[in-house]
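show me how the following folds:
(one chain, ligands or ions: 1)
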Amino acid sequence: MTPEQAANAKKAAAYYAVAKFVQPGMRLGLGSGSTAAFAVRALADRLNKEKFHLASVVSTSMETAALALSLGIDVQNNLTQDVRPIDLTIDGADEFDIDFCLIKGGGGALVREKLVACASRQEVIVVDETKAGVELGHLSPLPVMIVPYGWEITKKAVETVCGRTSTLRTTANGALFLSDDSLYCLDVVKGAIPSPGVLEEAIKKITGVVDVGLFVNLCDNVVVGYADGSVLEPVKSAGAS
Ligand code: A5P
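Next up is the predicted model:
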């Protein structure tokens, strides 16, 4: 896909999801990443046109909060008790499988994204067509957020549990990547993840790990956008809980 086709696909999924799932009066969660950014724009467009009120809007990253604010959406940047339970969160993903398990964290926002997903009654994932897999792990590295202190020890432990090497994430200009919560990010190299829940649990037991980009049983709906502007909502596999 060209960058323009990818943008078309992301935009189509995001605008469809906002039109279909957002209702007046809801408590909303806003995801992070380039597809979720289209959802923020779609929400701003709907609010400007339809002038309805939302009970609350919470963001999963400082970047999303800044975008929402710039578009006139009254957003808060912390998951406080008064915005819970969230009725609906619309977020992106790096990969989804037939059970709607996800890999997230390509943008390094996975800890906040998982906190918001766990607090949400409905999690809708918007993606372009390149994110669909039968089994997780083949399309995207697996992000693991760790505390900076002792990171080399944590990195080794993560690699042992995953049976694969990892790299410490850096930014485009070569600086160490730091999340909104001042965490480092390990990217475990691609490879099959036959049991995402088992791997998630094993990685989370490692001291120094804050969370991993495996989202299991947290996604209710997926909206896939295509380069021609069409969208599809795949059905969750019958085996999934
Ligand atoms: C942010 O940390 C991620 O979880 C994003 O939701 C994910 O990387 C998808 O991003 P894009 O929509 O930019 O592909």
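
helices of the chain, residue ranges please.
3-21, 34-50, 62-70, 110-118, 151-162, 196-204 (DSSP state H).

Leu176 is nearest to which of the ones you listed?
Across the helices of the chain, Leu176 has its closest neighbour in helix 151-162 (9.6 Å, C-beta to C-beta). All C-beta atoms are positioned from the backbone trio N, CA, C, and that covers glycine.

extract the CA atoms of that closest one and return them as PDB.
Coordinates of each C-alpha in helix 151-162 appear next as PDB, following Å, rounded to 0.1, in the frame of the first residue of the first chain:
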ATOM      1  CA  TRP A 151      16.900  -2.800  31.800                       C
ATOM      2  CA  GLU A 152      19.600  -5.100  30.500                       C
ATOM      3  CA  ILE A 153      18.700  -7.800  33.100                       C
ATOM      4  CA  THR A 154      15.000  -7.400  32.300                       C
ATOM      5  CA  LYS A 155      15.700  -7.500  28.600                       C
ATOM      6  CA  LYS A 156      17.500 -10.900  29.000                       C
ATOM      7  CA  ALA A 157      14.700 -12.300  31.100                       C
ATOM      8  CA  VAL A 158      12.100 -11.200  28.400                       C
ATOM      9  CA  GLU A 159      14.200 -12.800  25.700                       C
ATOM     10  CA  THR A 160      14.400 -16.100  27.600                       C
ATOM     11  CA  VAL A 161      10.600 -16.200  28.200                       C
ATOM     12  CA  CYS A 162       9.900 -15.300  24.500                       C
END
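
helices or strands up against it?
Secondary-structure packing of helix 151-162 (3 or more C-beta pairs under 8 Å, 6 or more residues apart in numbering; DSSP states H and E): strand 142-146, strand 166-168, strand 184-188, helix 196-204.

want to throw these into a markdown table with distance to the ligand and mean pLDDT?
As requested, these are exported to a markdown table (distance: least, C-beta to the nearest ligand atom, whole Å; pLDDT from 0 to 100):
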| stretch | distance to the ligand | mean pLDDT |
| --- | --- | --- |
| strand 142-146 | 7 | 98 |
| strand 166-168 | 16 | 98 |
| strand 184-188 | 9 | 98 |
| helix 196-204 | 15 | 98 |
